[in-house]
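Asks: using only what follows, build the 3D model:
(one chain, ligands or ions: 1)
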Amino acid sequence: MNFTKIYKSMRAFLHENQIKINEPMENHTSFRIGGPVDIMVLPTNPNEVCSVIKVCKQNNIPFFVMGNGTNLLVKDEGIRGVVMKLAQNYNDAEVDENIIKCKAGMSLSTAAKIALGNSLSGLEFANGIPGTIGGAAVMNAGAYGGEMADVVKKVTVVDLNANLIEMQKNELDYDYRRCILQNGDRILLEVEMELLSGDYEDIKRK
Ligand SMILES: Cc1cc2nc3c(=O)[nH]c(=O)nc-3n(C[C@H](O)[C@H](O)[C@H](O)COP(=O)(O)OP(=O)(O)OC[C@H]3O[C@@H](n4cnc5c(N)ncnc54)[C@H](O)[C@@H]3O)c2cc1C
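Replies: Down below sits the predicted model:
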């Protein structure tokens, strides 16, 4: 891989602190293991994500998306290609009545706190699960009898041709800790969840 060429292409739309060369993956996984990835990028919006995909495609470079690395094991040899991390760098939420829209990198526990703060019930199960809402929606994370499939209404994804697509929950083929997005051919950018109005103290107790 021609690092200089790739770095220059990415610097056209990313700031230097959004591109890390030879980044040790052990700094990005809960188990603190994993050798270096050739290039890690930290995009902050859909345009940057699409531009990264295009550069990788044009240069025939494999890429992999990650959230907070709480469900990842990386080999000591590391990863050849590009890792796109969607975590604190891709982190925002909007609440409209009983609907919460979260960018993929928001932590699941922050999303649960936002739900509580708005007296919305349904995300109580998520409070103790580490990782991002994007990783959770892809893994159908769950606990205490609840899981992401119970609350996801629709998601926004980007495909490998950099097209933004909305997918309704019934298109995601949710099953136990599984969904169609684990195929690796789409990156989840935003999750829209439908919750129920509830009582703040009841939700907090759960
Ligand atoms: C201490 C501990 C406790 C845990 N407890 C639970 C639990 O109770 N219940 C449970 O279900 N899980 C649990 N997990 C597993 C893990 O926290 C969840 O699977 C979590 O949802 C993963 O999120 P992440 O952001 O860390 O994803 P990562 O580990 O970064 O990635 C996991 C997978 O999701 C994919 N992915 C991540 N983000 C995206 C995206 N935006 N678009 C497309 N693909 C993406 C990655 O490619 C990878 O295949 C636990 C893990 C730990 C370490």
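
Asks: and the protein, which of its residues are near the ligand?
Replies: 30, 65-72, 86, 104, 129-132, 134-136, 138-139, 141-143, 181, 187-188 (CB under 6 Å from any ligand atom). From N, CA and C alone the C-beta is placed, and that goes for glycine too.

Asks: so where do the helices sit in the protein?
Replies: 3-11, 46-58, 108-117, 133-139, 200-205 (DSSP state H).

Asks: quick one: average pLDDT of the fourth one?
Replies: Which is helix 133-139. Helix 133-139 comes out with an average pLDDT of 98.

Asks: got a list of what the most centrally placed residue in the chain touches?
Replies: Residue closest to the average C-alpha location in the chain (CA atoms, centre = their mean): residue 134, at 3.3 Å. Going by CB atoms under 8 Å, 6 or more residues apart in numbering, residue 134 touches 67, 86, 90, 103, 104, 105, 188, 189, 191.

Asks: tell me the domain ranges of this protein?
Replies: 3-85, 93-205 (automatic domain parsing).

Asks: please identify the most buried of the helices of the chain.
Replies: helix 133-139 (a mean of 28; mean count of other CB atoms under 10 Å).

Asks: using CSV, write down the CA coordinates of it.
Replies: C-alpha atoms of helix 133-139 as CSV (Å, rounded to 0.1, in the frame of the first residue of the first chain):
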residue,chain,number,x,y,z
ILE,A,133,-25.2,2.2,19.7
GLY,A,134,-24.0,1.4,16.2
GLY,A,135,-22.1,-1.7,17.4
ALA,A,136,-25.1,-2.6,19.5
ALA,A,137,-27.6,-2.3,16.7
VAL,A,138,-25.3,-4.5,14.4
MET,A,139,-24.7,-7.1,17.2
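
Asks: wait, residue 121 touches residue 197, no?
Replies: Yes. Counting by CB atoms under 8 Å, residue 197 is a contact partner of residue 121 at 7.4 Å.

Asks: between those two, who's got more neighbours?
Replies: Higher neighbour count among residue 121 and residue 197: residue 121, with 18 against 10, using other CB atoms under 10 Å.
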